[in-house]
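Engineer: what's the 3D shape of this:
(4 chains)
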There are 2 protein chains.
Amino acid sequence: MVIRRLPRYRRYLADLENRGVERVSSGMLSEILGYTASQIRQDLNNFGGFGQQGYGYKVSDLKTEIDAILGLGEQYRMAIVGIGNLGHAVSNYLYRYLDEFVVAALFDVNPAVIGSEIAGIEIRNANELDAYLAENAIDIGVITANKEAAQGIADSFIKGGVRGIWNFATIDIDVPDEICLQNEHLSDGLHELVYYIHSK
Amino acid sequence: MVIRRLPRYRRYLADLENRGVERVSSGMLSEILGYTASQIRQDLNNFGGFGQQGYGYKVSDLKTEIDAILGLGEQYRMAIVGIGNLGHAVSNYLYRYLDEFVVAALFDVNPAVIGSEIAGIEIRNANELDAYLAENAIDIGVITANKEAAQGIADSFIKGGVRGIWNFATIDIDVPDEICLQNEHLSDGLHELVYYIHSK
DNA sequence: TAGATTGTTAATCGATTAACAATC
DNA sequence: TAGATTGTTAATCGATTAACAATC
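Structural biologist: Down below sits the predicted model:
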């Protein structure tokens, strides 16, 4: 699946750009990334001919194209529900990419944290989530709460009109077809790792 | 790839088990999981015939078999380097699965946290990592530090004899073939989500 | 022009799905 | 026994790789 590879292309191109490299060929990318040169050309050509015969690809142009494909031109407004360590980590992480991702609101159920702030954003009471979403347009809802609360939060997000949900709870939540869902099940990744270790 | 599906089978089987369901057919699993019944039978049959014609699969037996395939019989000793919010979250997460995953040691470079404890485990100075690994057998090294530090930490883990690395830093680290590597690049997941949202 | 490297078609490979005989 | 459902083979589909003509 090419979409799984695009963010990785992007990361490498950003890296090359930072190091002042101007051009790159599918052969060079192949050596660094481990995909075949053929696959890389196929992947990039899916979206349009970004290269030039005999030359290769211009690093900055290619990165710009991939950003556009990924939809990173737009700005996305996010709401995070569940501000434990994980929610806090995600919030901090997003804060580094203010141009693309705006953390608009934080929610939790714990009275001990409600009212406090992260990077100037107040943590609101989770029971205000529906009301907040009715008043404010949010593109992406982030679930960093426990799995018992996850489906309910997802339902609120859906009712509130988010376009996508980024779910960190270890449970498969139900969403209608028009809502994009991305799961980050840490347990799945760990179990996959353990499988490789065990079967080695 | 069947290994990507196994943790998900496992989660559902655990769920069915908790709800007291004793048997399940590939058709039922298909409805819940969205894979075809044919694929489910194919997947499970890769590892051995766990079912019974005319009956289906015994939930608890199948879960036990999948646990064994995933290598969840063994206990894995973990060391976590980088105890910010993310490292803290991972540590807390692992603490819930003491039988499978033992958090043996925590490391950070920040003097403000060195010496403090999480769930009774002291946070050590990261400069003691090599010495610690020389004395203590660790199965899985977890990198929750920033990307600048990631490769150095990975090198220490490798030299220190870990079997696998669970990497949360947004960088592709180099590891020799005999070391299993599992990346949890949050940025990749988010970019994938944004791609789906954008192209809808 | 000659060399390099893409864009693109065709061939291969692997994974998914369909079908059905085996059997509980 | 009849019905259900697996295990397994064969067919299909899609993704990856190879090859090479186009062209910068």
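Engineer: from here on, contacts and neighbour counts on C-alpha atoms
Structural biologist: Fine.
Engineer: Point out the residues in chain A that sit beside DNA strand D.
Structural biologist: A:Met1, A:Val2, A:Tyr35, A:Thr36, A:Ser38, A:Gln39, A:Gln42, A:Gln52, A:Gln53, A:Gly54, A:Tyr55 (Cα under 7 Å from any atom of the strand).
Engineer: contacts with DNA strand C among these, please.
Structural biologist: Okay, of the residues of chain A next to DNA strand D touching DNA strand C (Cα under 7 Å from any atom of the strand), that's A:Ser38, A:Gln42, A:Gln52, A:Gln53, A:Gly54, A:Tyr55.
Engineer: ok, of the residues you listed, which one's closest to A:Lys147?
Structural biologist: Ranked by distance to A:Lys147 (Cα to Cα), these are led by A:Gln42 at 39.6 Å.
Engineer: what's the helix or strand for the closest one?
Structural biologist: Here A:Gln42, judged by DSSP states H and E, is contained in helix A:37-46.
Engineer: Dump the residues of chain A next to DNA strand D into a markdown table; add pLDDT as well.
Structural biologist: Below are those laid out as a markdown table (pLDDT from 0 to 100):
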| residue | pLDDT |
| --- | --- |
| A:Met1 | 84 |
| A:Val2 | 93 |
| A:Tyr35 | 98 |
| A:Thr36 | 98 |
| A:Ser38 | 98 |
| A:Gln39 | 98 |
| A:Gln42 | 97 |
| A:Gln52 | 96 |
| A:Gln53 | 97 |
| A:Gly54 | 96 |
| A:Tyr55 | 97 |
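Engineer: tell me which of those is nearest to B:Asp99?
Structural biologist: Nearest to B:Asp99 among these, with distances taken as Cα to Cα, is A:Met1, at 35.6 Å.
Engineer: Kindly report the residues of chain A close to chain B.
Structural biologist: A:3-4, A:7-8, A:11, A:69-72, A:84-86, A:88-89, A:163-164, A:166, A:171, A:180-184, A:186-199 (Cα under 8 Å from any Cα of the partner chain).
Engineer: circling back to that earlier point, now the helix holding A:Gln42, how far from the centre of its chain.
Structural biologist: In terms of Cα atoms, centre = their mean, to the nearest Å, the centre of helix A:37-46 is found 23 Å from the chain centre.
Engineer: Alpha carbons only: can I get it in PDB?
Structural biologist: The C-alpha trace of helix A:37-46 is given here as PDB (Å, rounded to 0.1, in the frame of the first residue of the first chain):
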ATOM      1  CA  ALA A  37      13.900   1.600  -7.300                       C
ATOM      2  CA  SER A  38      11.100   0.300  -9.500                       C
ATOM      3  CA  GLN A  39       8.600   0.400  -6.700                       C
ATOM      4  CA  ILE A  40       9.600   4.000  -5.800                       C
ATOM      5  CA  ARG A  41       9.100   5.200  -9.400                       C
ATOM      6  CA  GLN A  42       5.800   3.300  -9.500                       C
ATOM      7  CA  ASP A  43       4.700   4.900  -6.300                       C
ATOM      8  CA  LEU A  44       5.600   8.400  -7.200                       C
ATOM      9  CA  ASN A  45       4.200   8.000 -10.700                       C
ATOM     10  CA  ASN A  46       0.800   7.000  -9.200                       C
END
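Engineer: Got the domain ranges for chain A?
Structural biologist: Residue ranges for the domains of chain A, per automatic domain parsing: A:2-70, A:76-188.
Engineer: just these: most buried one?
Structural biologist: Most buried of the domains of chain A, by mean neighbour count (mean count of other Cα atoms under 10 Å in any protein chain shown): domain A:76-188, with a mean of 18.
Engineer: Format the domains of chain A as CSV; extra columns: distance to B:Ala137.
Structural biologist: Converted to CSV, those look like this (distance: least, Cα to Cα, whole Å):
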stretch, distance to B:Ala137
domain A:2-70, 31
domain A:76-188, 23
